[in-house]
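A.B. asks: Give me the fold of what follows.
(one chain, ligands or ions: 2)
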Amino acid sequence: MKKKLPITGEFKRALPVVKRIKEAGYEAYFVGGSVRDALLGLPVNDVDIATSAFPEEIKHLFKKTVDVGIEHGTVMVLLDDDSYEVTTFRTESAYQDFRRPDSVTFVRSLKEDLKRRDLTINAFAMDEEGNIQDFFDGAKDLDDQVVRAVGKAEERFNEDALRMMRAVRFASQLGFHLEADTFYAIVVNAHLLENIAVERIRVEFEKMAKGTYLFQGMEAFVETGLYSYCPGLKHTKHDLRRFANLPNQLTSNRQVWTYLMYFLEMNSSKEAVAFMKGWKLSNQVIHESTRLLELIRWRQHSSFTAIQLYDYSPELALETERMIADLGFEASISHVEEMIDHLPIRSRQELAINGKYLMNVTGKKGGKWLGEAIRKAEEGVVMGHIDNETDSIINWLNLKNEQ
Ligand code: ATP
Ligand code: MG
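C.D. replies: Ligands and ions are numbered 1, 2, ... in the order given. I've put the predicted structure just below:
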């Protein structure tokens with residue numbers, strides 16, 4: 001594994017921040033997931049910077065900063081329309097409750113900071129020339145495709161039980177295996193997950209479920225027994241394995257929850273909503289996933305008509321069609337795409353008439369009839385019975401009225 005990387009892309013953009021800190025006499029490094037991903041040749045998104053400078057010192061060095069998490073040592077530096085998170089080297093002492101440390105101590109040593117990180121593959125630092133600092137043989141683990149806790153796995157999971165979820169999440173994203181000690185430490189400590197806020201577990205679970213190597217991540221999640229301590233997943237081993245056999249990578253959280261509930265065979269929407277509430281999902285995700293689940297089931301014995309595409313939103317219908325295909329049912333993705341392309345209107349606003357116009361033409365006041373007339377016009381236009389033009393719509397409505 002290379003011990004030096006070229007400074008390009010996001011790192012290059014953030015370089016002025018690192019250089020400014022160094023010029024002032026402090027240490028500064030790129031750390032965390034960005035260095036891991038760069039070493040793997042994967043795209044790098046946000047870069048995190050760690051420094052020996054204390055938060056107040058960082059605030060003195062830059063004109064514009066925002067206190068985003070100053071109690072944890074994180075200051076956001078705003079420079080040239082971009083923002084960068086700069087975090088002071090720190091250690092975390094005494095975990096009383098298997099989650100957040102009792103206190104955070106700022107330190108001046110890089111190694112101390114890297115020591116408190118979760119996994120060896122997340123504990124690299126890279127300087128402004130691209131030299132990699134690797135105190136815990138993370139590079140070897142990247143080569144061997146292994147997820148290993150920094151230090152004693154058992155201790156590290158006792159400090160913060162979320163790290164166990166993170167370990168399986170990375171197995172799923174990277175296609176790595178859990179190193180044996182790390183694996184057994186999770187088996188023994190999986191129950192500690194009960195101390196962790198559901199929202200934090202959910203973030204890692206969703207990332208796992210959307211991983212490129214879901215099958216591998218899910219095996220780790222199931223084999224370690226972690227799944228038993230997640231909301232509503234006790235005794236669902238076989239369903240989870242069926243879920244992990246989906247042929248394509250999942251692209252959204254609503255897909256994650258919809259597929260999951262499908263494999264869990266949640267039959268009533270009441271049951272589905274209770275399950276999702278257990279995971280503290282937002283109302284929006286709950287709403288969308290309930291809808292998708294209904295559509296997937298409905299689609300197994302019916303097919304979309306133009307008016308349904310229009311009513312359900314074309315995007316949701318197309319997503320349903322793709323999901324149906326991945327579930328092994330007969331689907332007609334290109335046909336649905338074509339139907340969507342040919343929809344004469346996408347919303348009521350695009351209709352050539354509106355309520356005001358109809359009231360003028362008929363001389364009638366608003367009322368129930370008006371909503372019904374607009375709906376009829378919508379159906380007529382969408383189904384291709386009439387053109388979206390004022391005259392044809394008025395004729396069509398008259399015809400209907402005379403019946
Ligand atoms: P991603 O690419 O998904 O952002 P990441 O590794 O950057 O992955 P983050 O959650 O952004 O993950 O965390 C940034 C870094 O902070 C990690 O790489 C790791 O070094 C450290 N870290 C995060 N969570 C923990 C934790 N629970 N315990 C110890 N270290 C952690
Ligand atoms: Mg990150």
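A.B. asks: can you give me the strands for this structure?
C.D. replies: 28-31, 48-51, 64-69, 74-79, 82-88, 90-93, 103-106, 125-126, 132-133, 146-147, 177-178 (DSSP state E).
A.B. asks: now, of these, which is deepest in the fold?
C.D. replies: Among those, strand 28-31 has the highest mean neighbour count (mean count of other CB atoms under 10 Å), at a mean of 26. Quick note: C-beta positions are derived from backbone N, CA and C, even for glycine.
A.B. asks: Can you give the contact residues for that strand?
C.D. replies: 11, 14, 17-18, 21-22, 47-53, 86, 110, 113-114, 124-128, 133 (CB atoms under 8 Å, 6 or more residues apart in numbering).
A.B. asks: By mean pLDDT, which helix or strand of the protein comes out lowest?
C.D. replies: One helix or strand of the chain scores below all others by mean pLDDT, DSSP states H and E: helix 390-402, with a mean of 77.
A.B. asks: Of all the strands of the chain, which one is nearest P314?
C.D. replies: strand 82-88 (35.4 Å; CB to CB).
A.B. asks: quick one: that closest one to chain centroid distance?
C.D. replies: How far strand 82-88 lies from its chain's middle: 22 Å, per CA atoms, centre = their mean, to the nearest Å.
A.B. asks: what does it rub up against?
C.D. replies: By CB under 8 Å, 6+ apart, strand 82-88 touches 13-14, 17, 21, 28, 46-55, 58, 66, 68, 72-77, 106.
A.B. asks: give me that answer again for 6 Å
C.D. replies: 14, 17, 48-51, 54-55, 58, 73-77, 106 (CB atoms under 6 Å, 6 or more residues apart in numbering).
A.B. asks: That one close to ligand 1?
C.D. replies: No. For strand 82-88, no contact with ligand 1 is found by CB under 6 Å from any ligand atom; the gap never falls below 8.7 Å.
A.B. asks: Taking this structure, what residue is nearest to ligand 1?
C.D. replies: Proximity of the chain to ligand 1 (CB to the nearest ligand atom) peaks at G33, 2.3 Å away.
A.B. asks: Which residue comes closest to that residue once chain neighbours are left out?
C.D. replies: Residue nearest to G33 in three dimensions, not counting chain neighbours: N122, with 6.4 Å by CB to CB, 6 or more residues apart in numbering.
A.B. asks: Just the pLDDT for the one you found.
C.D. replies: pLDDT for N122: 98.
A.B. asks: same deal with G69?
C.D. replies: Looking at G69, its pLDDT reads 89.
A.B. asks: How about the one 10 residues further on?
C.D. replies: pLDDT, L79: 93.
A.B. asks: Please apply the same query to M1.
C.D. replies: M1 is given a pLDDT of 60.
A.B. asks: Then the one 5 residues further on?
C.D. replies: Per-residue pLDDT puts P6 at 95.
A.B. asks: How many neighbouring residues does the residue lying closest to it once chain neighbours are set aside have?
C.D. replies: Closest residue to P6 apart from its sequence neighbours, by CB to CB, 6+ apart: G130 at 5.9 Å. Number of residues near G130 (other CB atoms under 10 Å) recorded here: 17.
A.B. asks: State whether G130 and K4 are indeed in contact, as I suppose.
C.D. replies: Yes. Under the criterion of CB atoms under 6 Å, G130 is in contact with K4, at a separation of 5.0 Å.
A.B. asks: Tell me, how many residues neighbour the residue lying closest to Y26 once chain neighbours are set aside?
C.D. replies: Distance criterion CB to CB, 6+ apart; nearest residue to Y26, sequence neighbours excluded, is A53 at 3.9 Å. Burial measure for A53: 25 neighbouring residues, criterion other CB under 10 Å.
A.B. asks: try L292
C.D. replies: Neighbours of L292 (other CB under 10 Å): 23.
A.B. asks: can you pull the contacts of the nearest residue to it once chain neighbours are set aside?
C.D. replies: Sequence neighbours aside, T258 is the residue nearest to L292 in space, at 4.2 Å (criterion: CB to CB, 6+ apart). Contacts for T258 were tallied using CB under 6 Å, 6+ apart; they are S289, L292, L293.
A.B. asks: ok, 8 Å please
C.D. replies: Contacts of T258 by CB under 8 Å, 6+ apart are S289, L292, L293, I296, M323.
A.B. asks: can you check S392 too?
C.D. replies: Counted by CB under 8 Å, 6+ apart, S392 has contacts I386.
A.B. asks: Any stretches of the stretch 251-400 of the chain with poor pLDDT?
C.D. replies: The model of the stretch 251-400 of the chain has pLDDT under 70 over residues 399-400.
A.B. asks: can you list the residues of the stretch 151-300 of the chain near ligand 1?
C.D. replies: The stretch 151-300 of the chain has residues D160, L162, R163 near ligand 1, with proximity defined as CB under 6 Å from any ligand atom.
A.B. asks: And this protein, what are its domain boundaries?
C.D. replies: What automatic domain parsing lists as the domains of the chain is 1-140, 145-245, 250-343, 349-402.
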